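Trainee: How does the following fold in three dimensions:
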Amino acid sequence: MRWNRMANLLVGLNVWRIAAVDGKSLEGPEFNKPGRQICPEMLSRYNRACMLSHRNVCQEFLSGSDPYCCVLEDDVLISPDFPQFMNGTDWIPADAHVVKIETLGERVWLASKTIACLNRVAKRLRSSHLGTAGYVISRPGAQKILDLTTRPDRSIDRLLFEEDGLIKLRTYQLVPALCIQSNRSGEKLMIPELESTIQPKTSITAAQPRKPVRYPVWNKIQRELTRPFRQLPGFPTWIAMHCRGTHSHRVPFV
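Mentor: As a prediction, this is how the structure comes out:
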């Protein structure tokens, strides 16, 4: 069971479990509906269940007196250094609403300024970095998350960790990260119970392998000649980010 695995990983730490909301108990669409206008009614019941689960964590945290809380989903792999960070709070930036301790292994934009955090550093997150498998929140941060998710129109990771959420939350990224979801680590098949349950399973039918398509030489030359122009739309963003004192990083998990 997932909880047994997490309990073994977190032995010695002050841990409390919040039962996840079951998406099957909610009304609403079975899947998100891409291409439709963004609105709460288009959010799948499974994404709403995930949202409600995280809201329950924030409410439970605010009912106590602890200054910080680490939120972990139960399908994560954690670093051996994780207990060292969870046994103290001095490393957390004083103005942080959220410290993201997870990585997706993708490139993100981070501020140049670094804050020492034990054997890692924290940098302000300046671009989208999805996922809610692991993050630390302050009490003001938890209240802001509740405010942002009162009537959600997107999944919780998009509300918190896309550009709109980053404007409302002072969010730091821990580098290297302390956790990663199993399906991002390549270990999913080794731990089958960690398969995602956000969306219901669908049947998969085997397909015949496709034959490789052979394009004329001129098509290849044309693609190479037009490549710089196809990449051009991202160039203004690159310039703007550098002017803001940010740099692109691929956040590792160690």
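Trainee: Which strand or helix spans residue 93?
Mentor: Counting by DSSP states H and E, there is no helix or strand that carries residue 93.
Trainee: Tally up the residues packed near it, please.
Mentor: Residues lying near residue 93 (other C-beta atoms under 10 Å) number 15. The C-beta positions use only the backbone N, C-alpha and C, and glycine is treated the same way.
Trainee: Likewise for residue 112?
Mentor: 12.
Trainee: Surely it touches residue 249?
Mentor: No. Applying C-beta atoms under 8 Å, one finds residue 112 not in contact with residue 249, separated by 10.4 Å.
Trainee: Need the residues touching each of the two.
Mentor: residue 123 (C-beta atoms under 8 Å, 6 or more residues apart in numbering).
Trainee: just checking, residue 7 is part of a helix?
Mentor: Yes. Membership of residue 7 in a helix is supported by DSSP: H, G, I helix; E, B strand; the rest coil.
Trainee: ok, now which ones touch it?
Mentor: residue 15.
Trainee: Could you number the chain from 700 rather than 1 from now on?
Mentor: Got it, first residue is 700 now, which makes that one residue 706.
Trainee: State the distance from it to residue 835.
Mentor: Residue 706 sits 20 Å away from residue 835, going by C-beta to C-beta, to the nearest Å.
Trainee: Next: residue 858.
Mentor: Distance, residue 858 to residue 835, using C-beta to C-beta: 18 Å.
Trainee: and if you look at residue 783?
Mentor: In terms of C-beta to C-beta, residue 783 sits 14 Å off from residue 835.
Trainee: more neighbours, these two?
Mentor: Ranked by neighbour count (other C-beta under 10 Å), residue 783 and residue 835 place residue 835 first, with 24 against 13.
Trainee: Disregarding residues adjacent in the polypeptide, which is nearest to the more buried one?
Mentor: residue 798 (4.2 Å; C-beta to C-beta, 6 or more residues apart in numbering).
Trainee: how distant is the helix or strand harbouring that neighbour from the center of its chain?
Mentor: Here residue 798, judged by DSSP H and E, is contained in strand 797-799. Chain-centre distance of strand 797-799: 10 Å, with C-alpha atoms, centre = their mean, to the nearest Å.
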